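In: here is a sequence together with a model predicted from it:
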Amino acid sequence: MRTRPMGGITFAHPPAFWTGFIACVAGVALHLPMYIDSADMHYMMRGMSMDAPMITGMALIVVGLALTAYGLIPRGLAASRRNGVTGVRAAYDAPFRPAHIGLVIVMTTAVTIDAMKPITLSFVAPGMGKEYGLKSALNPGGHWPVALLPLFGLTGTVAGSFLWGWLGDRIGRRSSILLAGVMFVTTAVCGAMPSFSWNLAMCLLMGLAAGGMLPITFSLLAEMIPGRHRGWVMVLIGGNLALAYAITSSLSSALVPHYSWRILWLLGMPTGVLLIALNHWIPESPRFLLAHGREDEARAIMTRYGAIEDTPEARTETGAQTAPGAATDAVPATDAVPAADAVPAEERKEAAHGGGFTPLFRAPFAGLSVAVVVLGLGIGLVTYGFQLWIPSNLQKLGLAQKSADAALRDSALLGLPLVFVAAAMYGLWSAKKTIIVLTALTAAALVAFSFSGESLAHDRAWLYVLLAGPIVGTATIAAVLAAYSSEIYPTRIRSRGSGLSAGVGKLGGVIVTIVLVVGATVPSINTTALLGAVPLLLAVLVVAVFGVETRKRAARVEAPAAQPADA
């Protein structure tokens, strides 16, 4: 029998989940004695041998992860009742309830915690390179390139984006979020690993956990937030990537000089525990629950958030009739078919051609997916090219570590209002045009850096202003793209569509880091800026050609409902 916690949401095996979670926390805690003992060496643990508590902690983590995964996997997956299950949506004009406000707060926290993981790569690279003698801009005579660290981390995030997109559709949105949270806790041990090879292994697992949080979060929000508010809410939440950057740079400036770069990884334990503590306020996807016969839970969640089944009858009752020629499901109008045929067509197509990501690249979604891929790659090249190496490059130009981190913090805070402006643009003006304008402005700032980046180290005012573009601008574009990709695909492939958006962004980062590993160095500000500006300018053109407007469609049709029979 499943135990029902507060909020009416069940775990499949609660004792297994909580026992495993406690084991993971204890396993991480057992790594701390070695870190504390290295204080007199300024926490430089290179060359130290793993002691008995650390080895015991690693065993506890392995067992704990297995137990938590078992505790989260729903029962009866093989007996999933997919046939005849409709989509679930919040009515376009449904009120924004206190439950929605709580969900937004929790998801904002989750996204911020998630974003801090890959951002931390930027701020640990200089210190890690120094401790392990790695080749970098600050240590050109080193042996192994420091770029191996982000290469492993970003490879993990790419795999995680696709894996968690698939898991979200298979085991549920909420279960996937909680599993990622437990992995956040366990991968905090990266801060106590004595060898560089163990750091690489833990960084890979960290990336695997972090890569899927954003697409899963946005897929869940797409089912819960009323259509009128959905776009700007998603942009506002996704824009917390910029807030995460400001928090991470502040922590680095305040803590690293005293506790070394390792403290930034160790902070993953309390932030992960916080995410698990918020599980009461994270609902499961009602459509997923309906598909697995958990109707009571699904109905309770739908009642709380004002969601309804997306059937032709419900659409008629709410007055959401599809006008002749009007598009549905964010598909071009010429491709639309009567809504009554939507679900059977989806099921027949899924059975005939299987799952995976291939439906994203068949008509009528192929052009949209191309736009998502090009823009995602551009975002990745900026985030993990220019942005990832900017702390190292600022120190190379003469700024002290604390001053460089403070400059990045101030730039992030300076540009933070752009997130609110973008949310208003997306919600009140145009989704497609918002993407084009933000991308063009960010590309312009990168072009300025590509011509005069190194000289800006002597002009702090302009440095702060222009840094705000790539830092906050790229984070905001990523938020807009995540919201956009969660709206342009139907419910049955929404997690995969969101996973594609997140995955290709990380893939851009992998491409950059592979180039750096091969070259065994970190390119200058000018070079990384140019590498980011070119694909973003290309993305402007691709989105202009293939992008569709979601806001006007949402006003005509409350939620994704129909698609061609051959989709």
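Out: That came through, no problem. Numbers count the residues shown, from 1 in each chain.

In: what number of residues lie near D405?
Out: By other C-beta atoms under 10 Å, the residues close to D405 number 26. Where you see a C-beta, it was placed from the backbone N, CA and C, and this is true even at glycine.

In: once you drop chain neighbours, what's closest to it?
Out: In space, D405 comes closest to S253 once its chain neighbours are excluded; the distance is 3.8 Å by C-beta to C-beta, 6 or more residues apart in numbering.

In: isn't that neighbour up against A400?
Out: No: applying C-beta atoms under 8 Å as the test, S253 and A400 come out as separate, 10.2 Å apart.

In: which one of those two has more residues nearby?
Out: Using other C-beta under 10 Å, the more surrounded residue of S253 and A400 is S253, with 19 against 11.

In: touching the helix or strand where the residue nearest to D405 lies from outside, list them.
Out: Under the criterion of DSSP states H and E, S253 resides in helix 240-259. Helix 240-259 is contacted from outside by 43, 108, 111-116, 119-120, 122-123, 127, 263-264, 267, 391, 401-402, 405-406, 408-409, 412-413, 415-416, 418-419, 471-472, 475-476, 478-479, using C-beta atoms under 8 Å, 6 or more residues apart in numbering.

In: which of those are buried? Put it as a ChimeraX command.
Out: Buried members of these, defined by 16 or more other C-beta atoms under 10 Å, are picked up in ChimeraX with:
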select :43,108,111,112,113,114,115,116,119,120,122,123,127,263,264,267,391,401,405,406,408,409,412,413,415,416,418,419,471,472,475,476,478,479
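
In: what about the contacts of helix 240-259, which are in helices?
Out: If you go by DSSP state H, the contacts of helix 240-259 have 108, 111-116, 119-120, 122-123, 127, 263-264, 391, 401-402, 405-406, 408-409, 412-413, 415, 418-419, 475-476, 478-479 in helices.

In: quick check: which ranges of the stretch 151-300 of the chain have low pLDDT?
Out: The stretch 151-300 of the chain contains residues with pLDDT under 70 at 212, 214-215.

In: and the strands in it?
Out: In the stretch 151-300 of the chain, no strands are defined using DSSP state E, counting those that start in this stretch.

In: need the contact list for the closest residue to G532 other than its chain neighbours.
Out: Counting by C-beta to C-beta, 6+ apart, V382 is the residue found nearest to G532 once chain neighbours are left out, at 3.5 Å. Contacts for V382 (C-beta under 8 Å, 6+ apart) come out as T442, L446, P470, T474, G532, L536.

In: now H13: phi and psi?
Out: Dihedral pair for H13: phi -140, psi 80, per degrees, to the nearest 10.

In: how many neighbours does it have?
Out: By the measure other C-beta under 10 Å, the count of residues near H13 is 20.

In: assumed the residue nearest to G532 was part of a helix.
Out: Yes: secondary structure of V382 (DSSP: H, G, I helix; E, B strand; the rest coil): part of a helix.

In: contacting residues around the residue nearest to Q387 when sequence neighbours are not counted?
Out: Nearest non-adjacent residue to Q387, counting by C-beta to C-beta, 6+ apart: P470, 5.8 Å away. Remark: with contacts taken as C-beta under 8 Å, 6+ apart, P470 is in contact with V382, F386, Q387, I390, T442, A445, L446, F449, A529, G532.

In: in what helix or strand does the last one lie?
Out: For G532, the host element (DSSP H and E) is helix 525-546.

In: what does that helix contact?
Out: For helix 525-546, the external contacting residues (C-beta under 8 Å, 6+ apart) are 367-368, 370-371, 374-375, 377-379, 381-382, 385-386, 389-390, 393, 397, 432, 435-436, 439-440, 442-443, 446-447, 449-451, 453-454, 456, 470, 474, 508, 512, 523.

In: my read: L103 touches L221, true?
Out: Yes: at 7.4 Å, L103 counts as touching L221 under the criterion of C-beta under 8 Å.
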